[in-house]
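[1] Sharing a model prediction with you, sequence too.
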Amino acid sequence: MTDTAELVASLLERVQLLEDKAAIQEVLTAYGPAVDAGDADAVGELWAEDAVYDTDIRVMEGRDAITEMVRTRPHQDYVNEGCGHLLDPVHIRVDGDTAAATCHSLLLRRNLDSDSYRVWRVTANRFDLARIDGKWKIKRRTARVLNGSEESRELLARASR
């Protein structure tokens, strides 16, 4: 291979990685606005058909179960009272057609008796993603409240592995 061919191949590989990371970030950062709008269909589009959303309070299996979570209580109560699901900058590792992303998330809820908000939950998050039919989809999200537990710390520690 010539130096030019090697350079072009290297550049193509690097551009693909950048495009993948940007696409994954778009998927993950679309969740908060969609879930806070109560747009269950938009939330569902982010997940693979066989996805799993594993929180410390329940496990939802399949896109339909995740979509239904947005449509029902208590989630609709949060939306109607005022809430915000926020992710901090996401650490993304891509390996071909799979990826892992790690971040913190905050759930802010409006105080009904005053014009203010409170941090209701802070969680460690691990997203496992796959390229499916050319689009990045969430295959699994594991979220654990940051309460000092080994499990929540381990989720964050896996970002560098």
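    Okay, I see it.
[2] Okay, now the unreliable bits of the protein?
    The chain contains residues with pLDDT under 70 at 1.
[3] What residues of the longest helix along it count as buried?
    Across the chain, the longest stretch assigned as helix under DSSP state H is helix 3-37. Residues 20, 21, 23, 24, 25, 27, 28, 31, 32, 34, 35, 36 are the ones in helix 3-37 that count as buried (16 or more other CB atoms under 10 Å). Placement of C-beta: from N, CA and C, glycine included.
[4] And the helices in this structure, which stretches?
    3-37, 40-44, 63-71, 75-81, 150-157.
[5] so can I have a markdown table of those helices showing distance to residue 130?
    Output for the helices of the chain, formatted as a markdown table (distance: least, CB to CB, whole Å):
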| stretch | distance to residue 130 |
| --- | --- |
| helix 3-37 | 11 |
| helix 40-44 | 16 |
| helix 63-71 | 13 |
| helix 75-81 | 25 |
| helix 150-157 | 19 |
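[6] quick one: which of those is nearest residue 51?
    Closest of the helices of the chain to residue 51 is helix 63-71, at 5.7 Å (criterion: CB to CB).
[7] now the closest one: how far from the chain's centre is it?
    Here the centre of helix 63-71 is set off from its chain's centre by 15 Å, with CA atoms, centre = their mean, to the nearest Å.
[8] Counting by contacts, list what it packs against.
    Applying 3 or more CB pairs under 8 Å, 6 or more residues apart in numbering; DSSP states H and E, we find helix 63-71 packed against helix 40-44, strand 47-54.
[9] show me what contacts the closest residue to residue 117 other than its chain neighbours?
    Of all residues not flanking residue 117 in the chain, residue 108 sits nearest, at 4.6 Å (CB to CB, 6 or more residues apart in numbering). Residue 108 makes contact with 83, 84, 85, 86, 117, 118, 119, 120, according to CB atoms under 8 Å, 6 or more residues apart in numbering.
[10] what's the neighbour count on the fourth one?
    To tie it back to what came earlier, the one meant is residue 86. By other CB atoms under 10 Å, 15 other residues sit near residue 86.
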